[in-house]
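In: Only the shape, not the letters, is given here:
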Ligand SMILES: NC(=O)CC[C@H](N)C(=O)O
């Protein structure tokens, strides 16, 4: 499986993502610099890692969404290539418009860094097939802008189309309807605030993130 990790100034989870991808695929991912305009050919998955791209200036993810490489990412998404955005990657995906809604400042205005329990909203996607629906898993979060918002019409559509991938069992950041991660309508783009790449080995304190990466192998 051919994979890539986008790297922006301020990304800080790109190496963790690379390790997770190599662990499950046996192949090193391509590390793609934000200033490039082309992606490697025939990618199966593009990941947008966590961090503080461009220092989170303007809004988290806003500047990264205008980077050179993004045009190719949008084209790949339209072709059906799998795109996984974690934390800052989720923020970037909403800023690009590949996923609906926005990530606002956490309700308590604090940076939250801890393990959280998630309920698996659906297991019919290429990202979630390794889980059972409604299973509770533990994955760490580390963010100040994780408070997901979308209007009621959008939220009802997300629910009706089974696009809610993960929900917090205890709402840590104020997200509407406890949303921690969503899919696009086609199911090839996932954005999530928790970090599955930080939970792929029991030595990390948990390995519930591993099945997300294994799901990608089909
Ligand atoms: N770990 C991360 O990706 C941090 C995301 C983001 N910049 C925030 O703090 O909200």
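Out: Yes, it's here. A quick note: this is a predicted structure, and the numbers were derived from the prediction, not measured.
In: which other residues reach the host helix or strand of residue 156?
Out: Here residue 156 sits within helix 152-160, counting by DSSP states H and E. For helix 152-160, the external contacting residues (Cβ atoms under 8 Å, 6 or more residues apart in numbering) are 100, 101, 150, 163, 164, 176, 177, 179, 182. Backbone N, C-alpha and C define where each C-beta goes, glycine included.
In: isn't the first one right up against residue 150?
Out: Yes. If you go by Cβ atoms under 8 Å, residue 100 and residue 150 touch, sitting 5.6 Å apart.
In: hang on, the earlier thing: could you look up the next helix or strand downstream of the helix holding residue 156?
Out: Beyond helix 152-160 on the C-terminal side, the first helix or strand identified by DSSP H and E is strand 164-168.
In: Walk me through which strands that following strand pairs with, and which way each runs.
Out: Strand pairing for strand 164-168, using DSSP bridges, gives strand 112-120 (antiparallel), strand 179-183 (antiparallel).
In: Pick the most buried one from those.
Out: Of all the strands paired with strand 164-168, strand 179-183 carries the top mean neighbour count, a mean of 27, counting by mean count of other Cβ atoms under 10 Å.
In: could you point out which element follows that strand?
Out: Using DSSP H and E, the first helix or strand after strand 179-183 is strand 189-192.
In: Which elements pack onto that following strand?
Out: Using 3 or more Cβ pairs under 8 Å, 6 or more residues apart in numbering; DSSP states H and E as the contact test, the elements touching strand 189-192 are strand 82-86, helix 88-96, strand 164-168, strand 179-183.
In: can I get the ones you listed in CSV with mean pLDDT and distance to residue 108?
Out: Written out in CSV, the entries for the helices and strands packed on strand 189-192 read as follows (pLDDT from 0 to 100; distance: least, Cβ to Cβ, whole Å):
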stretch, mean pLDDT, distance to residue 108
strand 82-86, 98, 22
helix 88-96, 98, 18
strand 164-168, 98, 14
strand 179-183, 98, 16
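In: Do any residues in the helix ranked longest in the chain lie close to the ligand?
Out: The helix that spans the most residues within the chain, counting by DSSP state H, is helix 14-25. No. Using Cβ under 6 Å from any ligand atom, we find that helix 14-25 stays clear of the ligand, coming within 10.0 Å at best.
In: Show me which residues of the protein are close to the ligand?
Out: Taking Cβ under 6 Å from any ligand atom as the test, the list of the chain residues beside the ligand reads 50, 51, 52, 56, 60, 87, 88, 142, 143, 144, 145, 146.
In: So the fourth one is in contact with residue 9, correct?
Out: Pointing back at residue 56 there. No. Taking contacts as Cβ under 8 Å, residue 56 lies outside contact range of residue 9: 11.3 Å.
In: So those two - more neighbours on which side?
Out: Set side by side, residue 56 and residue 9 show unequal neighbour counts under other Cβ atoms under 10 Å, the larger going to residue 56 at 18 against 15.
In: Tell me how far the more buried one lies from residue 210.
Out: 29 Å (Cβ to Cβ, to the nearest Å).
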